[in-house]
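Asker: Need the 3D shape of this:
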Amino acid sequence: MTARWFTPARAALAVLLLAACTSQAETGEETRATLEAANAAYDAAILAQDRAALEALYSERYRYLAEDGAMRGRAEKIAFLTDPANRLTDARSEEIEVEVFTDAALVTGRFSGGYIADGREARFSEHFTTVWVKEDGAWRLRYEHASPLPDTP
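Answerer: Sure thing, here's the model as predicted:
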């Protein structure tokens, strides 16, 4: 006895859905590569204190949850990152993981390096979580949070 739910139309629909999932998986890999490149471009923009690049990467609605619990906006974060008194001397993202959800993506990893703040040099390492959103056909950074790792050598 054939189940009533199984019809040729439902079978065709299942094949189409499976094909769409396969196609989306391929697109997902391309999207992951694009987001990894966007994350690397973000690292480079921070290192270069490149205001124009940061403005292009950040969503207009960008928010940063700072380690002190304060929520900071786009203009404040760009001003901090481009302040000549505070700059990274070296830094890079590692252990990157990307999870894509249609027009949004979660990118996590570790960001480590050195910086100069108010004339003093120091090292840092932190775990980060970023949320990227697709806006006008481009991936932009919408939310960011970083948690410092203890006792960075």
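
Asker: tell me the contacts of Y42?
Answerer: L54, L57, L141 (Cβ atoms under 8 Å, 6 or more residues apart in numbering). Yep, even glycine has a C-beta here, placed from its N, CA and C like the rest.

Asker: Which strand or helix spans it?
Answerer: Per DSSP states H and E: Y42 is located in helix 8-48.

Asker: and after the helix or strand of the chain with the lowest mean pLDDT, which helix or strand comes next?
Answerer: One helix or strand of the chain scores below all others by mean pLDDT, DSSP states H and E: helix 8-48, with a mean of 67. Per DSSP H and E, the first helix or strand lying C-terminal to helix 8-48 is helix 51-57.

Asker: Show me what counts as buried in that next one.
Answerer: The neighbour-count check on helix 51-57 (16 or more other Cβ atoms under 10 Å) flags L54, L57 as buried.

Asker: Show the average pLDDT along the helix or strand hosting W139.
Answerer: Assigned by DSSP H and E, W139 belongs to strand 138-148. The average pLDDT for strand 138-148 rounds to 94.

Asker: Against which helices or strands is it packed?
Answerer: helix 8-48, strand 58-65, strand 104-117, strand 120-135 (3 or more Cβ pairs under 8 Å, 6 or more residues apart in numbering; DSSP states H and E).

Asker: right, so of those, which gets closest to D83?
Answerer: strand 104-117 (9.3 Å; Cβ to Cβ).

Asker: Do I have it right that A66 meets R72?
Answerer: Yes - here A66 lies in contact with R72, judged by Cβ atoms under 8 Å, at a distance of 5.8 Å.
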